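*Asks:* Below are the sequence and a predicted model; questions follow.
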Amino acid sequence: MGSSVSFNDLKAAVHGKTAAIRLRAKLGAVDGDGGKVFPPTYAGGVYAVENRRVDGQIRRCVLLDSVQSQANRMEEVLQDAFLPSWREMPTGGDAPASDLPVVAVHVENHGWITSLTAPHRIHDAILRDSNLDGTRFRESDIGAAIVRSRVWDATALYRYCPTALLFGTWDSTAGEGLDSAKIPRAVVSEIIGIDMNPGVRTGSRIDPLGIKAQAATIYRRTDSDWALQTDEGGWIGADGGDIDTDSKNNPRKFGKGRPSDINHGNVTPDLSRFGDRREVQNQHLDQLPDILRDDPVSLSYEVRARDGELRSHGKLDSRFTEILPHAVRPGGVTLNYALHTWTLSLTQLRRLRFPISGNHEDARNKAARTVLAALALYARALQQDNGYWLRSRCELIPDNDVELEFIGAEGGTFRIGTAEEMKQLLDEALQDASNPGWEQRVIRLTPTEKLAELVRRNDARQVNEGSESEEATSASAED
């Protein structure tokens, strides 16, 4: 295996004609061959499954971690590396130092939200509706410079939110339409499962108390606890308190009023199932064909009415395709292997320009691009050191050593390097690019009063709605 990529290697690639830095890693389930992994679920409770061409063949693949999710994971590890105590940052006083510039706002009952955790990064509405030193963020000197940033003038983004230049950002609320700031992703990372085979999902629970569904009717107390009916003065709580009532002043039940609604009682060992007649979208139809039913007569009629002839192969249509009553839910998958692809487009980085006061310098552009490339490699190394835990029952391990390929021009293959090695590479790149420099601090904002009030009202509404309509589900344990 090759040596770790050095600063000189990276500098030559960025300054030269190398198109991209690429990683392709084969992964397996942590519990070995045949081990089940659980992909993320999407609308309809199904997995994102599609055919892809892999190694010259059409293979059935399932998405294990999307491009967006991978970007969020890289932002998370960078935030933890540069601001390990960010969750406990004080809300007052001087902003803490940080080797990576971060814009942050503290929202009551929601903690710190930063340019590394906000959904739309530096252009997120939460930051837009916050103040910097008493001035709306976008109207402050820093915010206005960010608003003006474009691919050909990315200096402000580099100074205050360089990660946006790697993972992409779009100022969609600026009201400028096609002229609004939009920075394409330079880093694209994704994990898919190759040759997927869907499993089934089971559930069961044995109650040591043996409480039956007919044991009692369960009612909701005003404090969201549960209560029983008594014969002493009507409906009262278990400790004599009031019972939550509906508009007709009738006691409100927990769900169906069964002990199982408050997680008491047995759950018979069974397969977890869909409800009746749930429709799904076209993109979901061929994922689990054993749970679907279509109506070819209605389908044929609709096709004739539209274009006068039947489609070949009787293409499915969501209007006439349903999930079968009591069909088994997706329950994880087994795979031939998982494939992680990670690419850093040096071509995209070369589109970025970093003028100062209208003055463009090629050397400054190249130095800043090298810093961004080093930051991307540091994020990838942090991920590598943390491992491939994606979610509960979806942990993967590399089948072999992970290497970086330099694609195009001189090329070359290098070891990814540890997080410590990539941090040293980043430090060298930062020293080489002192102008423009990063703001090495947390730029701390405060919510505007109307944003704070909106959050308070929403939080209060959620509490009330939860008290009125929440229905506890029966406890279950997956196999």
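*Replies:* In hand now; what should we look at?
*Asks:* shaky segments in the stretch 201-350 of the chain?
*Replies:* 229-240, 275-326 (pLDDT under 70).
*Asks:* all strands of it, in order?
*Replies:* All strands of the stretch 201-350 of the chain, identified by DSSP state E, counting those that start in this stretch, fall at 202-205, 218-220, 226-228, 267-271, 292-294, 321-323, 330-334, 337-345.
*Asks:* Adjacent strands (with direction) for the third one?
*Replies:* Pointing back at strand 226-228 there. Counting by DSSP bridges, the strands paired with strand 226-228 are strand 218-220 (antiparallel).
*Asks:* Could you give the average pLDDT over the helix or strand that contains Gln462?
*Replies:* In this structure, Gln462 sits in helix 449-469 according to DSSP states H and E. Helix 449-469 comes out with an average pLDDT of 80.
*Asks:* With stretch 26-45 instead?
*Replies:* 91.
*Asks:* which of the residues in it are buried?
*Replies:* Leu27, Gly28, Ala29, Lys36, Val37, Phe38, Pro39, Gly44, Gly45 (16 or more other C-beta atoms under 10 Å). C-betas here are computed from N, CA, C, even on glycine.
*Asks:* what's the answer for stretch 132-141, then?
*Replies:* Leu132, Phe137, Arg138, Ser140.
*Asks:* Among these, which pair sits farthest apart?
*Replies:* Greatest spatial distance in the buried residues of stretch 132-141: Leu132 and Arg138, 9.3 Å, computed using C-beta to C-beta.
*Asks:* Could you pull up phi and psi at Val30?
*Replies:* Main-chain dihedrals, Val30, degrees, to the nearest 10: phi -60, psi -30.
*Asks:* who touches it in this structure?
*Replies:* Listed by C-beta atoms under 8 Å, 6 or more residues apart in numbering, the contact set of Val30 reads Glu395, Leu396, Ile397.
*Asks:* Give me the buried subset of those residues.
*Replies:* For the contacts of Val30, a burial check counting by 16+ other C-beta under 10 Å picks out Glu395, Leu396.
*Asks:* Now pLDDT and secondary structure too, for the contacts of Val30, in JSON lines please.
*Replies:* Converted to JSON lines, the contacts of Val30 look like this (pLDDT from 0 to 100; DSSP: H, G, I helix; E, B strand; the rest coil):
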{"residue": "Glu395", "pLDDT": "97", "secondary structure": "strand"}
{"residue": "Leu396", "pLDDT": "97", "secondary structure": "strand"}
{"residue": "Ile397", "pLDDT": "96", "secondary structure": "strand"}
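*Asks:* wait, isn't His360 in contact with Ala368?
*Replies:* No: if you go by C-beta atoms under 8 Å, His360 and Ala368 don't touch, sitting 11.8 Å apart.
*Asks:* what about those two, which has more around it?
*Replies:* Ala368 (28 against 12; other C-beta atoms under 10 Å).
*Asks:* Is that one located within a strand, as I assumed?
*Replies:* No: counting by DSSP: H, G, I helix; E, B strand; the rest coil, Ala368 is not part of a strand but helix.
*Asks:* Would you mind measuring from it to Asp362?
*Replies:* Using C-beta to C-beta, to the nearest Å, Ala368 is found at 11 Å from Asp362.
*Asks:* Next one, pLDDT for Asp94 please.
*Replies:* With respect to pLDDT, Asp94 scores 79.
*Asks:* Revised request: answer the last question for Lys11.
*Replies:* 95.
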